[in-house]
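Asks: Give me coordinates for this.
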Amino acid sequence: MPLLANTPVEKMTGPYARRWWALLVLCLSLLITVMANTSLIVAAPDMTTDLGLSSSDLQWVVDSYTVPYAALMLVLGAIGDKYSRRGALVLGLLIFAGGSVMGSMVDETSLVIVARAIMGVGAAVVMPATLSLVVATFPRSERAKAITAWAATSGVAVAVGPLVSGWLLEDHAWGSTFLINVPISLLAVVGALALVPPSKAQGMGRIDYVGGLLSIVSVGSLIYAAIEGPHSGWGAGPVTAAVIAGVGLAAFVAWELRHPHPMLNVRRFALRPFTGSMLAVMFFFFGMFAVLYYSTQFLQFVLGYDALDTGLRLLPLGGAVFLGSAVTGMLTPKLGVKVMVVTGLVIGTAGMFLLTQIDKGSTYGDFLTPLMMLGLALGLAISPATDTIMGSFPESELGVGGGVNDTALELGGALGIAVLGSLLGTAYRDELTDLVGNRLPGEAMEIAKDSVGAGLAVAQRVAQDPSAGPQQAQAAVDAVHQAFAHGVAQTSLIGGIIMAAGTLIVLTVMPGRRGFAKSAEPGAEKGAGTAASEAATAREHTGSTR
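Replies: Below you'll find the model as predicted:
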């Protein structure tokens, strides 16, 4: 058996013998890119204290990873298709590891932001490459199982990231949450060379770089506006970014419709299975990332759990993702994609609405059921939705398909944290103002309104003030806790309404099993029983072959 996997997938006469080991490497690569986004949520308090981060600084430490991650995936997926999907994976892992090394060594806010941005570029190469390699390596009859494992990994990483981060923070500084990525990345590089076969598109024409540039400008500007507008106000910067995003999107569509070999065939959005699945992925991660964002804060700041305890209490979410993934693997071939995706959305929406019952006296038990419902929902719906999206692309565009799926995922998560995070901050500030009134000096009150962490820091100062006393300090703590609990409840109500609207939209857009069959490509494998075979793109609609 050769030490390196050198035979390209395209030249194999049968299924690749070590494909399940290759899947393990691809899932490991995916795991660390998603963990890099969620682990920082638990490390944020230590970083804030050590670096003296303002609320705006912390937001950009988090989101400097998200902007290049989401904006570049479509283009980098196409480049991987053209030249080498495995080469893209290895290069992305090395870039990701380099950014992680930098992040572990610097002690200035601006440099941490730069390091996170470099990691985001690496992740934008890795994530679409993993999905395109999964689809390219596995025969159609096994793709649903492989994609289910891939999708389950992305969901589990949401819970594992905070756990690993919390474990490291028990004995190490926050830089360790960056450094842990390095050995895992290098292990994945070795595994990729040894176990993942080379793959690239056959007969692919020139890359549509103009369309790629327009997609980068559009998505990047949209995410910047979504992050900065709700947080800092709709001043000149966010408004300009929103206008650029709108104009860029219109230009992108117009260009792609006229280009003989577009970066993304936008006519594909006329296919209801594809569009419905894209919307489902966006709405799921809109809710999931937002709930994770404010649940971890409640567990740490209101209930007083440390980083490791918080990570441990998020593990049931990962277990629920595994359960949902196992169930969907059995039921999707029998019930169809639409039933599973809409069922998942309904369960996730109900979980979001349960969080409207949170108040100052809530315990971890009040979060456990909603978190498990969201995990179950994710496991049920994401793999059939992802399978449908990837089944809508020809073999020559698997990297683009992975980029489209992952852009929807990351865009949904970024919008969830930006929009619902902003609503949470507003509700918290308004409630704290009503509770405290003029009982705190003006400057202290402004600091306390910045975030729940800042509010508790102000309360601690009150406790140290001889003129105040423990009763006034406890009153300040109670007010901060109550204000944040109120913010969680109000934000969950709005989030639940948005998720419910998304569920209705997906229910309307996504066709039943007959609609999937009409969209299927002539000659698709019969009896595969997978979403990919249900949703293969119609040749007459897209002009592509498989």
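
Asks: contacts, neighbours, all on C-alpha from now
Replies: Noted.

Asks: All the helices of the stretch 301-450 of the chain, in order from the start?
Replies: For the stretch 301-450 of the chain, helices defined by DSSP state H, counting those that start in this stretch occupy the ranges 307-313, 315-335, 337-354, 364-391, 398-415, 421-436, 442-448.

Asks: Out of those helices, flag the one nearest Asp46.
Replies: Ranking the helices of the stretch 301-450 of the chain by proximity to Asp46 (CA to CA) places helix 307-313 first, at 9.5 Å.

Asks: quick one: low-confidence parts of the stretch 1-150 of the chain?
Replies: Applying pLDDT under 70 to the stretch 1-150 of the chain picks out residues 1-2, 55.

Asks: give me that answer again for 90
Replies: Per-residue confidence for the stretch 1-150 of the chain (pLDDT under 90) gives these ranges: 1-15, 34-67, 69-70, 107-108, 140-141, 143-144, 148.

Asks: And the helices in it?
Replies: 19-51, 55-82, 85-105, 109-137, 140-169.

Asks: Determine which of the ones you listed approaches Gly416 most closely.
Replies: Across those, closest to Gly416 is helix 55-82 (CA to CA), at 12.2 Å.

Asks: sorry, back to before: now, of the helices of the stretch 1-150 of the chain, which is deepest in the fold?
Replies: Per-stretch averages of neighbours, counted by mean count of other CA atoms under 10 Å, single out helix 109-137 among the helices of the stretch 1-150 of the chain, with a mean of 26.

Asks: Show me what that helix is packed up against.
Replies: helix 19-51, helix 55-82, helix 85-105, helix 140-169, helix 398-415 (3 or more CA pairs under 8 Å, 6 or more residues apart in numbering; DSSP states H and E).

Asks: what's next to the third one, contact-wise?
Replies: Translated: helix 85-105. 29, 80, 111-112, 115-126, 129-130, 132-133, 174-179, 181-182, 185-186, 188-189, 192-193, 196-200, 399 (CA atoms under 8 Å, 6 or more residues apart in numbering).

Asks: now the helices of the stretch 1-150 of the chain as TSV including distance to Leu456?
Replies: Below are these laid out as TSV (distance: least, CA to CA, whole Å):
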stretch	distance to Leu456
helix 19-51	12
helix 55-82	14
helix 85-105	28
helix 109-137	23
helix 140-169	21
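
Asks: closest to Leu420 out of these?
Replies: Distance to Leu420, taken as CA to CA, is lowest for helix 55-82 among these, at 13.4 Å.

Asks: Tell me how far that closest one lies from the chain's centre.
Replies: 11 Å (CA atoms, centre = their mean, to the nearest Å).

Asks: Remind me what that helix packs against, helices and strands.
Replies: Packing partners of helix 55-82 (3+ CA pairs under 8 Å, 6+ apart): helix 19-51, helix 85-105, helix 109-137, helix 209-232, helix 398-415.

Asks: Make JSON lines out of those helices and add distance to Lys449.
Replies: Below are the helices and strands packed on helix 55-82 laid out as JSON lines (distance: least, CA to CA, whole Å):
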{"stretch": "helix 19-51", "distance to Lys449": "16"}
{"stretch": "helix 85-105", "distance to Lys449": "29"}
{"stretch": "helix 109-137", "distance to Lys449": "22"}
{"stretch": "helix 209-232", "distance to Lys449": "13"}
{"stretch": "helix 398-415", "distance to Lys449": "23"}
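
Asks: Any idea which of these gets closest to Val67?
Replies: Taking these one by one with CA to CA, helix 209-232 is closest: 5.8 Å.

Asks: Nearest the middle, which residue of this structure would you pick?
Replies: Glu410 (4.2 Å; CA atoms, centre = their mean).

Asks: Which residue comes closest to that one once chain neighbours are left out?
Replies: Ala70 (5.7 Å; CA to CA, 6 or more residues apart in numbering).

Asks: Wait, the one you found touches Ser221, no?
Replies: No. Counting by CA atoms under 8 Å, Ala70 sits too far from Ser221 to count as a contact (10.8 Å).

Asks: The closest residue to Arg429 other than its chain neighbours and Ala117: what is the separation?
Replies: Once flanking residues are discounted, Arg429 sits nearest to Lys449: 5.0 Å by CA to CA, 6+ apart. Lys449 sits 29 Å away from Ala117 when distances are taken as CA to CA, to the nearest Å.

Asks: Ok, Met372 next?
Replies: From Met372 to Ala117 the distance is 31 Å (CA to CA).

Asks: and if you look at Asp430?
Replies: 33 Å.

Asks: Could you do Thr137 as well?
Replies: Counting by CA to CA - Thr137 and Ala117 are separated by 30 Å.

Asks: quick check: mean pLDDT across whichever helix or strand Gly496 is part of?
Replies: Element membership of Gly496 [criterion: DSSP states H and E] is helix 470-509. Mean per-residue pLDDT for helix 470-509: 92.

Asks: Packing partners of that helix?
Replies: helix 272-297, helix 337-354, helix 421-436, helix 452-464.

Asks: just the angle between that helix and helix 337-354, please?
Replies: Per axes from the mean of the first three to the mean of the last three CA atoms, to 10 degrees, the angle that helix 470-509 makes with helix 337-354 is 160 degrees.

Asks: what's the distance between helix 470-509 and the middle of its chain?
Replies: 21 Å.

Asks: From Ala88, how far off is the nearest residue to Val114 once chain neighbours are set aside?
Replies: Once flanking residues are discounted, Val114 sits nearest to Ser64: 7.4 Å by CA to CA, 6+ apart. Noted for Ser64: a distance of 22 Å to Ala88, by CA to CA.

Asks: check contacts around the residue nearest to Glu410.
Replies: Taking CA under 8 Å, 6+ apart, we find Ala70 in contact with 124, 219-220, 406-407, 410-411.

Asks: what's the farthest-apart pair in those residues?
Replies: Pairwise distances across those peak at 14.2 Å for Gly220 and Asp406 (criterion: CA to CA).

Asks: Burial check on the residue nearest to Thr356 when sequence neighbours are not counted, number of neighbours?
Replies: Closest residue in space to Thr356, ignoring its immediate chain neighbours: Ala489 at 3.9 Å, by CA to CA, 6+ apart. For Ala489, the count of nearby residues is 22 (other CA atoms under 10 Å).

Asks: now do Gly233
Replies: 12.
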